[in-house]
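>>> return atomic coordinates for the entry below.
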Amino acid sequence: MKEAAFVKQSKARWEEFEKTVKAQEQASPDKLAELFIQVTDDLSFSRTRYPESRTTQYLNALAGKIHLQIYRNKREDRNRFITFWQYEVPEAMYHARKPLLYALIIFVIAGIMGAVSTFYDDTFVRLILGDGYVNQTLENIKDGNPTGIYSSMGPVTMFFFITWNNVMVAFRVFVFGVFASIGTGFYLFYNALMVGTFIMFFYNENQLAQALPVIMLHGTIELSSIVIAAAAGFTMGNSLIFPGTYSRLVSFRQGGIQGLKIIIGLVPFFVIAGFIESFVTRHAFMHWSIKALIIGVSALIMVYYFVVYPHRLKKNGKFHTH
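Here you go, the predicted structure:
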């Protein structure tokens with residue numbers, strides 16, 4: 001690459017780096033460390049291709065400024081625990097808005113495929129959900145409680161089991177992104193296929209009106225979180241496929257950090273979903289207004305925190321990156 005093309009391609013990013021360094025009161029230690037990695041990567045490239053150029057001298061000086069600023073800001077922010085969920089997770093979600101859309105599309109398509117397949121093929125539900133689950137649910141339907149499986153074990157034991165299982169599902173969806181996003185896409189597709197199959201199974205048994213509101217008591221947060229975890233996996237996987245102006249390693253490291261922030265940010269929501277599924281969902285015949293309230297509040301929280309709030313922070317200039 002010619003030096004002029006390299007400068008033209010990277011100039012906007014370097015100017016942004018300078019602005020961030022000058023705005024010392026707004027530059028977090030994590031952000032400065034990230035900038036230092038990016039600038040030194042550009043500096044390494046420039047030293048190799050244009051060792052005596054003014055571009056190399058400029059980048060060397062810029063890296064020195066960032067390095068100095070890092071050591072001036074070594075003290076960790078005392079409010080990091082709060083700012084992580086207040087700013088860092090929403091910022092990661094803002095940058096993952098396109099992967100989130102792709103994940104939602106895959107989830108909807110796979111869910112429809114599972115529902116249609118179950119509707120036209122009686123054996124499909126057993127293939128996807130397993131004979132044990134299907135037989136148990138059919139017995140529960142005969143007993144007048146189609147979602148009785150949610151009260152099959154003690155609430156405390158169920159809470160720890162369900163919460164851990166949900167966290168691991170989300171983590172696997174994310175980690176599979178390392179396979180160039182294909183692993184995440186496949187795992188998300190299979191989980192959505194199960195959801196579509198599950199819903200159509202109750203429809204075929206004429207139990208959907210009773211079962212769906214009960215399932216969505218916890219499912220609103222749980223299913224939303226799986227889609228969001230897939231967005232984190234796509235963020236990591238896409239950073240490996242499309243490194244942009246960065247080296248593939250630097251791009252992958254950045255994508256992995258952003259995705260991991262999203263996964264950690266989901267943990268409290270999995271705890272809430274696990275609590276609802278273990279202690280609330282078992283009361284299947286509660287008044288419909290209580291079900292509507294729980295589902296509505298859950299949906300509002302997920303949409304606001306992971307979609308609306310990040311856009312508001314961006315609009316108000318609350319992010320460190322642009």
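>>> if I look at the residue lying farthest from the centre of the chain, how far off is residue 246?
Here the chain has its C-alpha centre computed as a mean, and the residue farthest from that point, by C-alpha atoms, centre = their mean, is residue 52 with 44.0 Å. Summarising the geometry, the distance separating residue 52 from residue 246, computed by C-beta to C-beta, to the nearest Å, is 24 Å. Backbone N, C-alpha and C define where each C-beta goes, glycine included.
>>> and if you look at residue 118?
According to C-beta to C-beta, residue 118 stands 45 Å off from residue 246.
>>> looking at the two, which one has more neighbours?
residue 118 (26 against 20; other C-beta atoms under 10 Å).
>>> tell me the contacts of the more buried one?
For residue 118, the contact set (C-beta atoms under 8 Å, 6 or more residues apart in numbering) comprises 124-125, 128, 196-197, 200-201, 204.
>>> determine which two of the residues you listed are furthest apart.
Taking C-beta to C-beta as the measure, the contacts of residue 118 span a maximum distance of 13.5 Å, between 128 and 204.
>>> so which of these two has more stuff around it?
With neighbours defined as other C-beta under 10 Å, residue 128 and residue 204 compare such that residue 128 has more, 20 against 14.
>>> which residue is the nearest non-sequential neighbour of that one?
In space, residue 128 comes closest to residue 197 once its chain neighbours are excluded; the distance is 4.5 Å by C-beta to C-beta, 6 or more residues apart in numbering.
>>> tell me, what's the model's pLDDT at that neighbour?
At residue 197 the predicted local distance difference test score is 96.
>>> what's the helix or strand for it?
According to DSSP states H and E, residue 197 maps onto helix 182-204.
>>> give the buried residues for that helix.
Across helix 182-204, burial judged by 16 or more other C-beta atoms under 10 Å covers 183-185, 187-189, 191-203.
>>> can you name the element that comes right after it?
helix 208-241.
>>> give the next helix or strand downstream of that following helix.
Downstream of helix 208-241, the next assigned helix or strand under DSSP H and E is helix 248-275.
>>> what's the angle between the host helix or strand of residue 137 and helix 208-241?
Here residue 137 sits within helix 131-142, counting by DSSP H and E. Computed by axes from the mean of the first three to the mean of the last three C-alpha atoms, to 10 degrees, the angle separating helix 131-142 from helix 208-241 equals 150 degrees.
>>> who does the very next helix or strand once past helix 131-142 touch, helix- and strand-wise?
Proceeding N to C from helix 131-142, the next assigned helix or strand is helix 155-175, under DSSP H and E. Where contact means 3 or more C-beta pairs under 8 Å, 6 or more residues apart in numbering; DSSP states H and E, helix 155-175 is packed against helix 182-204, helix 208-241, helix 248-275.
>>> export the shortest one to PDB, keeping only CA atoms.
What it means is helix 182-204. The C-alpha atoms that make up helix 182-204 are tabulated as PDB, following Å, rounded to 0.1, in the frame of the first residue of the first chain:
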ATOM      1  CA  ILE A 182     -20.900 -19.900  11.400                       C
ATOM      2  CA  GLY A 183     -20.900 -21.700  14.700                       C
ATOM      3  CA  THR A 184     -23.000 -19.000  16.400                       C
ATOM      4  CA  GLY A 185     -25.400 -19.000  13.400                       C
ATOM      5  CA  PHE A 186     -25.900 -22.700  13.600                       C
ATOM      6  CA  TYR A 187     -26.400 -22.900  17.400                       C
ATOM      7  CA  LEU A 188     -28.800 -20.000  17.200                       C
ATOM      8  CA  PHE A 189     -30.700 -21.600  14.400                       C
ATOM      9  CA  TYR A 190     -31.000 -24.900  16.300                       C
ATOM     10  CA  ASN A 191     -32.300 -23.200  19.500                       C
ATOM     11  CA  ALA A 192     -34.800 -21.200  17.500                       C
ATOM     12  CA  LEU A 193     -35.900 -24.400  15.700                       C
ATOM     13  CA  MET A 194     -36.600 -25.900  19.100                       C
ATOM     14  CA  VAL A 195     -38.700 -22.900  20.100                       C
ATOM     15  CA  GLY A 196     -40.800 -23.000  17.000                       C
ATOM     16  CA  THR A 197     -41.300 -26.800  17.400                       C
ATOM     17  CA  PHE A 198     -42.200 -26.300  21.100                       C
ATOM     18  CA  ILE A 199     -44.800 -23.700  20.400                       C
ATOM     19  CA  MET A 200     -46.400 -25.600  17.500                       C
ATOM     20  CA  PHE A 201     -46.500 -28.800  19.600                       C
ATOM     21  CA  PHE A 202     -48.800 -27.100  22.100                       C
ATOM     22  CA  TYR A 203     -50.900 -25.600  19.200                       C
ATOM     23  CA  ASN A 204     -51.400 -29.100  17.700                       C
END
